[in-house]
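A.B. asks: Return a 3D structure for these sequence lines:
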Amino acid sequence: MRIEIIGLVITLLLGIFVLIGALAAFLASKKGQITDFSLGLAFSVIIMLIILDLVPDIIEHLGLKYIWLFLIFTFLGYAILRVLDHFIPDHHEHHKMSKKESNNNLAHIGVISSVALIIHNIVEGMAVYSTVLSDVSTGLMLAIGIGFHNLPLGMVIATTFYQGNQKSMKIWLSIGGVALSTLLGGILSLFLNSRMVPEWVLGSLLSLTLGMLVFILLSELWPRLSQSKFKKERNLGIGLGVIIMLISLII
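C.D. replies: Residues are numbered from 1 along each chain as shown. Just a heads-up that it's a prediction; the model follows:
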């Protein structure tokens, strides 16, 4: 089998972890506390993702020479979601919401989280594909490590849409888009010749994702968590998210 095909297969398998996480969320969806648990999980996973994954990768790709690109694209990522926040359906300000408004807000969080994670996973897919071309074993281990921190992300997206009473088709289209985005990154690398993609381009895309995730943390997740009714489940989700991310780092 050609090395390029192996690289694409591995990036495809990477997205399966998102589907596994989503399936786990569906199996537990009858528990009312799962929403606060999943939002707590999302909060800690995104923070750990930024600290352990995004920031080190951005530094590696940009260095001090292109620090201005980091600042510009981080701000741009935040600004893009700030604008989209008012155009994506089911947006509600964070006040005391009715059950219907709360459900719609959860779906809203699912949509903007999917947008940010698709961009992030495309870049990760490109990184994994490039690594496979150099060393298959290293690329496979990198994919497994990334896959483990994709598990809770799949849980979060599935739960927010499900608890938001969204139609099954919309839920699976969103989950499928996030899951297949790593494969899309591999395909882009194949056609662009990943070894020729400038480091500053990858660093800029990761900075864009960073800005988006900061927006999700501050403007969407934190206001929801501060109004949590199930604080025990919320804190359990936060703690589990930290543990999962640390395990994925060790692997």
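A.B. asks: where exactly do the helices run in this structure?
C.D. replies: Along the chain, the segments classed as helices by DSSP state H run 3-27, 34-49, 55-62, 67-84, 99-134, 136-163, 168-192, 199-215, 222-226, 231-250.
A.B. asks: Please identify the deepest-packed of those helices.
C.D. replies: Highest mean neighbour count among these (mean count of other Cβ atoms under 10 Å): helix 34-49, with a mean of 24. Just so you know, the C-beta spots here come from the backbone N, C-alpha and C atoms, and that holds for glycine as well.
A.B. asks: gap between that one and the chain center?
C.D. replies: In terms of Cα atoms, centre = their mean, to the nearest Å, the centre of helix 34-49 is set 11 Å apart from its chain centre.
A.B. asks: same thing with stretch 46-56?
C.D. replies: Centroid separation for stretch 46-56 versus its chain: 11 Å, with Cα atoms, centre = their mean.
A.B. asks: Could you work out the end-to-end span of it for me?
C.D. replies: 14 Å (Cα to Cα, to the nearest Å).
A.B. asks: mind putting the helices of the chain in JSON lines, mean pLDDT included?
C.D. replies: Output for the helices of the chain, formatted as JSON lines (pLDDT from 0 to 100):
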{"stretch": "helix 3-27", "mean pLDDT": "81"}
{"stretch": "helix 34-49", "mean pLDDT": "78"}
{"stretch": "helix 55-62", "mean pLDDT": "88"}
{"stretch": "helix 67-84", "mean pLDDT": "87"}
{"stretch": "helix 99-134", "mean pLDDT": "71"}
{"stretch": "helix 136-163", "mean pLDDT": "70"}
{"stretch": "helix 168-192", "mean pLDDT": "81"}
{"stretch": "helix 199-215", "mean pLDDT": "83"}
{"stretch": "helix 222-226", "mean pLDDT": "80"}
{"stretch": "helix 231-250", "mean pLDDT": "81"}
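A.B. asks: Show the contacting residues for Gly125.
C.D. replies: Each residue near Gly125 by Cβ atoms under 8 Å, 6 or more residues apart in numbering is listed here: Thr11, Leu14, Ser181, Thr182, Leu183, Leu184, Gly185, Gly186, Leu188, Ser189.
A.B. asks: Thank you, goodbye.
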